[in-house]
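1. how does the following fold in three dimensions:
(one chain, ligands or ions: 1)
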Amino acid sequence: MEPRDEFQSFCRNNLNRPNFTGRLFDQFSGTLPPGPKPPLIWLEANACSGDSISILNSVAPGLGQILCSLVEVRYWNALMPSEGQKAQELLFTTAEAGNFILIIEGAISTAGGGRFAIPFRSGDYLFTSEELLLYLAPKAKYIIAAGTCAAFGGPSAARPNPSGSKGVWEIIQDRPVVNVSGCPINPDWLTGTLFHLLLFGLPEVDRYQRPTLFYGQTIHSACQRRSYFDTGSFAAKLGDAECMFTLGCMGPVTGADCPYRLWNDHLNWPVKAGTPCIGCTKSGFPDRSTPFYTPLPEKLPGRTERGNPNAEEDLN
Ligand code: SF4
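-> Have a look, this model is predicted:
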């Protein structure tokens, strides 16, 4: 079997077992290309740092193993020891050398000259996230938008969006941007995507440029409460055991593998914890998910002013 087929087969056959990424490391880290690891620039724009925090919480594999095995961090404001001028020099020298992986966290603000997101300044000059993105993207080998803000604008672009925030792919349209959405990302989604990029290049993506490996099916298709939905048994209030479609669950129109991927070291996920899925991996989140506790047929009409009006409604 070809290595890529073996990788895809492994992914297809192991997704519904715990600790997918840990087993991915066990099976495939020995096949990573020899030589220096690719440099990584992690640029934070309009964001809450939730995606950085989420990947800091990765346990199996831990962040140390991820960083030591996959990439060499050159610039990541949340993690790098360098600061000030030294940090800026690292960013620019890495960028000029090219062949780096660029991860963007957060939406790109375009209003007010982009000054709603200033990653750093040099003297009196303020570098905006939009300016840095436009400088870095053409030089990067791969571009990942990590989190729903970077992918689609997310909460940063929620109405009335005074910062003019946009997803990276709305600005960079002549290069492939891999959208690893989620508010925040699950660490496995990012680690698995990095793995695929290093071993086989760009992964198969859906029409929202998200890897089908992680977003290719709806939450609803694998939910532990699906039998309640199929038999028309619905929760009347939070805490009830039945299907939460009536409480606004977005699982039927949200692509992600949360029901078996799980969170917090593969421990739990929202529906299992008793709260509806709010569709955080979707384009148009959160505007098209609100009001959160209103059932889907009632909340989707009139919620389509941003983006494709049919976005993801046909996923199921
Ligand atoms: S709780 Fe949500 S995802 Fe689960 S079966 Fe009901 S509607 Fe589908």
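2. and the residue of the stretch 151-300 of the chain nearest the ligand?
-> Of the stretch 151-300 of the chain, the residue with the smallest distance to the ligand, taken as Cβ to the nearest ligand atom, is G251 at 2.3 Å. (C-beta placed from N, C-alpha, C; glycine too.)
3. surely that residue touches K272?
-> No - in this structure, G251 is not within contact of K272 by Cβ atoms under 8 Å, at 11.8 Å.
4. tell me if A117 really is in a helix.
-> No - for A117, which was evaluated using DSSP: H, G, I helix; E, B strand; the rest coil, the result is coil, with no helix membership.
5. quick one: contacts for the closest residue in space to it that isn't next to it in sequence?
-> Take A117 and drop its neighbours on the chain: the residue closest to it by Cβ to Cβ, 6 or more residues apart in numbering is S129, 3.9 Å away. Shown here is S129, whose contacts under the criterion Cβ atoms under 8 Å, 6 or more residues apart in numbering are L43, E44, A45, N46, G106, I108, S109, G114, A117, I118, P119.
6. quick check: phi and psi on the first one?
-> Going back to what we said before, that points to L43. Note on L43: its backbone torsions stand at phi -110, psi 120 [degrees, to the nearest 10].
7. quick check: chain neighbours aside, which residue is closest to L56?
-> On the basis of Cβ to Cβ, 6+ apart, the spatially nearest residue to L56 that is not a chain neighbour turns out to be L63, at 5.8 Å.
8. mind checking how far that neighbour is from the ligand?
-> In this structure, L63 lies at 30 Å from the ligand, with Cβ to the nearest ligand atom, to the nearest Å as the measure.
9. pLDDT value on that residue, please?
-> Predicted confidence (pLDDT) for L63: 86.
10. in this structure it contacts S54, no?
-> No - in this structure, L63 sits apart from S54 without contact. The criterion is Cβ under 8 Å, and the distance is 10.6 Å.
11. for those two, indicate the residue with more neighbours.
-> Per other Cβ atoms under 10 Å, whichever of L63 and S54 has more neighbours is S54, with 21 against 15.
12. one step back: G251 and K272 - which one has more neighbours?
-> When neighbours are counted by other Cβ under 10 Å, G251 and K272 differ, and G251 comes out ahead with 28 against 15.
13. show me what contacts that one?
-> G251 makes contact with T218, I219, H220, C223, F245, V271, P276, C277 under the criterion Cβ under 8 Å, 6+ apart.
14. gap between it and A151?
-> In this structure, G251 lies at 19 Å from A151, with Cβ to Cβ, to the nearest Å as the measure.
15. ok, now L198?
-> Separation of L198 from A151 (Cβ to Cβ): 21 Å.
16. which one of the two has more residues nearby?
-> A151 (31 against 20).
17. stretch 217-226 vs the ligand: in contact?
-> Yes - looking at stretch 217-226 against the ligand by Cβ under 6 Å from any ligand atom, the contacts come from I219, H220, C223, R225, R226.
18. chain center to stretch 128-137: distance?
-> Once both centres are worked out by Cα atoms, centre = their mean, to the nearest Å, stretch 128-137 turns out to sit 19 Å from its chain's centre.
19. now that stretch: mean pLDDT?
-> Model confidence over stretch 128-137 averages 98 on the pLDDT scale.
20. buried residues, it. List them.
-> Residues of stretch 128-137 classed as buried by neighbour count (16 or more other Cβ atoms under 10 Å): T128, S129, E130, E131, L132, L133, L136, A137.
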